[in-house]
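Asks: Kindly generate the corresponding structure for this input.
(4 chains)
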Protein chains: 2
Amino acid sequence: MIANAHAGPLLRKLETIVTLTQGERDAIAGLPFMAREIKAGQDLVREHDRPSQCCLILEGHTFRYKLLADGKRQILSFHIAGDIPDLQSLHLRIMDHGLATLGAARVAFIPHEILRPFLHAHPRISDAFWRDTLIDAAIFREWVVNVGRRSAYSRLAHLLCENFVRMRAVGLAGPGSFEWPVTQEQLADATGLSAVHVNRTLTELRDHGLIDLARHKMVVKDWQGLQDAAGFEHTYLHLQTPPEENGTMAS
Amino acid sequence: MIANAHAGPLLRKLETIVTLTQGERDAIAGLPFMAREIKAGQDLVREHDRPSQCCLILEGHTFRYKLLADGKRQILSFHIAGDIPDLQSLHLRIMDHGLATLGAARVAFIPHEILRPFLHAHPRISDAFWRDTLIDAAIFREWVVNVGRRSAYSRLAHLLCENFVRMRAVGLAGPGSFEWPVTQEQLADATGLSAVHVNRTLTELRDHGLIDLARHKMVVKDWQGLQDAAGFEHTYLHLQTPPEENGTMAS
DNA sequence: CGTTAACTTGATAGCATTCAACTAGCGTGG
DNA sequence: CCACGCTAGTTGAATGCTATCAAGTTAACG
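Replies: The predicted structure follows:
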């Protein structure tokens, strides 16, 4: 049987969460993914929408956000290939936030009316999806801590740590770097800081020899130092196979 | 059949999330709840624990929190009767945060090995629980916005709005007030502020005639004004029956 | 190349923290 | 019954982290 090529990222992601049987892998590959190219900075779903489908990110980067009445924006999470950022729409009718692309992205849409019976027919996959949304929530918790109690310096460092580990977990990061088409303004909206201060703080992190972030490429130059600066512990990501302690800088 | 008295709060809570059949209500009432009294300020679960049971709050108030290396604390959520704050432990082995009582509380513990087959036998209840954890996540998202992008004044107002609506939804608040054994230091840890500034800001809210908070009792004196100050919209709470627009001050 | 978005840097302002002292409430025990 | 001690709450003054404002500079892209 030819596996559905679009299922690759999702399978890889799920394997970081649970262990799948071959039958489950086949079942997932049998889902009808309708792929679409989306340009940078486009909304996939808007706040107050009532989606009838879920978005699976096949390639590229997306983020969830909320806008305030006075125009301020808060980014709530970043998402990468294999993520289904609006999986909750399966059980929560109204979107309480928006979903947009960071750079250009490839996305597959899966209708709710297909996903719902599918999950009822595959309780273990259903549990895996539930577990995924629980990890989602765990990351939100860490973000509350990040924005609530950490200094700008630690806060940014922590965001960078998290993204590095998450991208490594699904094989999207090299040993000490990853592609990340994020702007400083978006980093500001993710950390609750101003873009200007993000700039200054990134300079600081760079001057301390911890990272290098330019031209959509993030280089981790001192992984241990970055984690220390952040107070980062990967526990909250609940990965099946935790990242090696330091081997990441090997090559 | 005599309904399990301990199931009351849980049933009431679930009815704010989904509509239950009588059979489902009976099934839930048939669960073996082992009730226990817990004193104020006690940990129910600690970070890094690997619980083998879930806590159902029967009475009283609890909160989730994380501690940082430098001793700072961030409170992640407040919980009331009917909530199962550590439901995620069913699918996430390790606790990434702690759970403690605010005032004295009555709690029922339900072993995972009972809950797991129970949910597999009752897919609709399972979905309701999933939905509950998704609403949990929606509230975390709003908290990220709250600490990330709102002023101290709006931030506190928003927290108060949220708790008022949530307590009203399960019948634990009067028309314009509710019992809430929270200290200003805990409010500070929930909003990412200092206790001193919480004090000043509460005074401001009081002086503006919006609220009155003293001796563990929160009085909403100007519900519309409080919502305006907070920029509060209840959408993210995903309630089955939204709160009336203003009728709350009726009596 | 020209145009625009993204990034950088300096100066100033402000909200919230910290430090410090003091007051009020409340339970305990002499 | 009031003294004591502790926790929670209150208020003032000074500091500081981060935002805002304002000008540049660099990079991206057609």
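Asks: C-alpha only now, for contacts and for neighbours.
Replies: Fine.
Asks: ok, which stretches of chain A are strands?
Replies: According to DSSP state E, chain A carries its strands in the segments A:34-38, A:43-45, A:53-59, A:62-67, A:73-79, A:98-101, A:105-111, A:177-179, A:211-214, A:217-220.
Asks: so which of those strands gets nearest residue A:203?
Replies: If you check each of those against residue A:203 by Cα to Cα, strand A:211-214 wins as the nearest, at 8.8 Å.
Asks: for residue A:239, what are its contacts?
Replies: A:16-17, A:169 (Cα atoms under 8 Å, 6 or more residues apart in numbering or on different chains).
Asks: Oh, that last question was meant for residue A:103, not what I typed.
Replies: With Cα under 8 Å, 6+ apart as the criterion, the residues that contact residue A:103 are A:39-41, A:60-62, A:181-182.
Asks: residues from chain A in reach of DNA strand D?
Replies: A:150-153, A:192-198, A:215 (Cα under 7 Å from any atom of the strand).
Asks: Closest one of the residues you listed to DNA strand C?
Replies: Among the residues of chain A next to DNA strand D, residue A:196 lies closest to DNA strand C (Cα to the nearest atom of the strand), at 4.8 Å.
Asks: Got a PyMOL select line for the buried ones in the contacts of residue A:239?
Replies: In PyMOL, this line selects whichever of those come out buried by 16 or more other Cα atoms under 10 Å in any protein chain shown:
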select buried, chain A and resi 16+17+169
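Asks: Which of the contacts of residue A:239 sits closest to residue B:222?
Replies: Relative to residue B:222, and with distances defined as Cα to Cα, the nearest of the contacts of residue A:239 is residue A:17, at 46.5 Å.
Asks: The closest one against residue A:242, yeah?
Replies: No. Under the criterion of Cα atoms under 8 Å, residue A:17 makes no contact with residue A:242, lying 10.9 Å away.
Asks: Can you say which of the residues of chain A next to DNA strand D are buried?
Replies: Those of the residues of chain A next to DNA strand D that meet the buried threshold are A:150, A:152-153, A:192-195, A:198, by 16+ other Cα under 10 Å.
Asks: hmm, back to that, please spell out the ChimeraX selection for the buried subset of the contacts of residue A:103.
Replies: When burial is assessed using 16+ other Cα under 10 Å, the buried subset of the contacts of residue A:103 is captured in ChimeraX by this command:
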select /A:40,60,61,62,181,182
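Asks: Could you pull out the buried residues of stretch A:212-230?
Replies: So stretch A:212-230, judged by 16+ other Cα under 10 Å, has buried residues A:212-213, A:218-227, A:229-230.
Asks: Quick check: which of the contacts of residue A:103 are also close to DNA strand C?
Replies: When these are checked against DNA strand C using Cα under 7 Å from any atom of the strand, the ones in range are residue A:182.
Asks: In terms of distance to residue B:5, which of the contacts of residue A:103 ranks first?
Replies: Out of the contacts of residue A:103, the member with the shortest distance to residue B:5 (by Cα to Cα) is residue A:62, at 46.5 Å.
Asks: what's the spacing between that closest one and chain B?
Replies: When Cα to the nearest Cα, to the nearest Å is applied, the distance between residue A:62 and chain B equals 16 Å.
Asks: OK, contacts around residue A:7?
Replies: A:28-29, A:33.
Asks: Which members of those occur in helices, if any?
Replies: A:28-29 (DSSP state H).
Asks: could the contacts of residue A:7 go into JSON lines alongside distance to residue B:140, neighbour count and pLDDT?
Replies: Shown next, in JSON lines, are the contacts of residue A:7 (distance: Cα to Cα, whole Å; neighbours: other Cα atoms under 10 Å in any protein chain shown; pLDDT from 0 to 100):
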{"residue": "A:28", "distance to residue B:140": "30", "neighbour count": "20", "pLDDT": "96"}
{"residue": "A:29", "distance to residue B:140": "32", "neighbour count": "19", "pLDDT": "94"}
{"residue": "A:33", "distance to residue B:140": "30", "neighbour count": "19", "pLDDT": "90"}
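Asks: For DNA strand D, state which of the contacts of residue A:7 is nearest.
Replies: Nearest to DNA strand D, judged by Cα to the nearest atom of the strand, of the contacts of residue A:7 is residue A:33 at 28.2 Å.
Asks: List the contacts of the residue nearest to residue A:5 when sequence neighbours are not counted.
Replies: Taking Cα to Cα, 6 or more residues apart in numbering or on different chains, and ignoring the residues beside it in sequence, residue A:5 has residue A:29 as its nearest neighbour in space, at 7.8 Å. Residues near residue A:29 by Cα under 8 Å, 6+ apart: A:3-7.
Asks: Now restrict those residues to buried residues only.
Replies: Buried residues within those, defined by neighbour count using 16+ other Cα under 10 Å: A:6-7.
Asks: Mind picking the two most distant members of the residues of chain A next to DNA strand D?
Replies: Maximum pairwise distance among the residues of chain A next to DNA strand D (Cα to Cα): 26.7 Å, between A:150 and A:215.
Asks: Please report how far whatever residue of the stretch 51-200 of chain A ends up closest to DNA strand D lies from residue B:243.
Replies: Residue of the stretch 51-200 of chain A nearest DNA strand D, by Cα to the nearest atom of the strand: residue A:193 (3.0 Å). Distance, residue A:193 to residue B:243, using Cα to Cα, to the nearest Å: 33 Å.
Asks: ditto for residue A:208
Replies: Counting by Cα to Cα - residue A:208 and residue B:243 are separated by 51 Å.
Asks: Then residue A:73?
Replies: From residue A:73 to residue B:243 the distance is 26 Å (Cα to Cα).
Asks: Name all residues that make contact with the closest residue to residue A:142 other than its chain neighbours.
Replies: On the basis of Cα to Cα, 6+ apart, the spatially nearest residue to residue A:142 that is not a chain neighbour turns out to be residue A:236, at 7.3 Å. Taking Cα under 8 Å, 6+ apart as the contact definition, residue A:236 lies against A:135, A:138-139, A:142, B:96.
Asks: Quick check, central residue of chain A?
Replies: In chain A, the C-alpha nearest the mean C-alpha coordinate belongs to residue A:79, at 2.6 Å (Cα atoms, centre = their mean).
Asks: ok, that one touching residue A:85?
Replies: Yes. When contacts are counted by Cα under 8 Å, residue A:79 is listed as touching residue A:85 (6.8 Å).
Asks: my guess is residue A:210 contacts residue A:227, does it?
Replies: No. Proximity of residue A:210 to residue A:227 does not meet the contact threshold set by Cα under 8 Å, at 9.4 Å.
Asks: Next, show the common contact partners of those two.
Replies: Both residue A:210 and residue A:227 lack any common contact, where contact means Cα under 8 Å, 6+ apart.
Asks: Domains of chain A: list them as residue ranges, please.
Replies: Recorded structural domains for chain A (assignment: automatic domain parsing) are A:7-135, A:150-249.
Asks: what distance separates the first one from the centre of its chain?
Replies: Per Cα atoms, centre = their mean, to the nearest Å, the displacement of domain A:7-135 from the mean C-alpha position of its chain is 10 Å.
Asks: circling back to that earlier point, pull up the gap between the residue nearest to the residue nearest to the centre of chain A when sequence neighbours are not counted and residue A:21, please.
Replies: Nearest non-adjacent residue to residue A:79, counting by Cα to Cα, 6+ apart: residue A:62, 5.0 Å away. From residue A:62 over to residue A:21 the distance is 29 Å, taken as Cα to Cα.
Asks: burial count for the residue lying closest to residue A:172 once chain neighbours are set aside?
Replies: In space, not counting the residues next to it along the chain, residue A:172 is nearest to residue A:178; the distance is 7.0 Å by Cα to Cα, 6+ apart. When counting by other Cα atoms under 10 Å in any protein chain shown, one arrives at 20 neighbours for residue A:178.
Asks: residues contacting residue A:76?
Replies: When contacts are taken as Cα under 8 Å, 6+ apart, residue A:76 is in contact with A:63-66, A:140, A:190, B:141, B:144-145.
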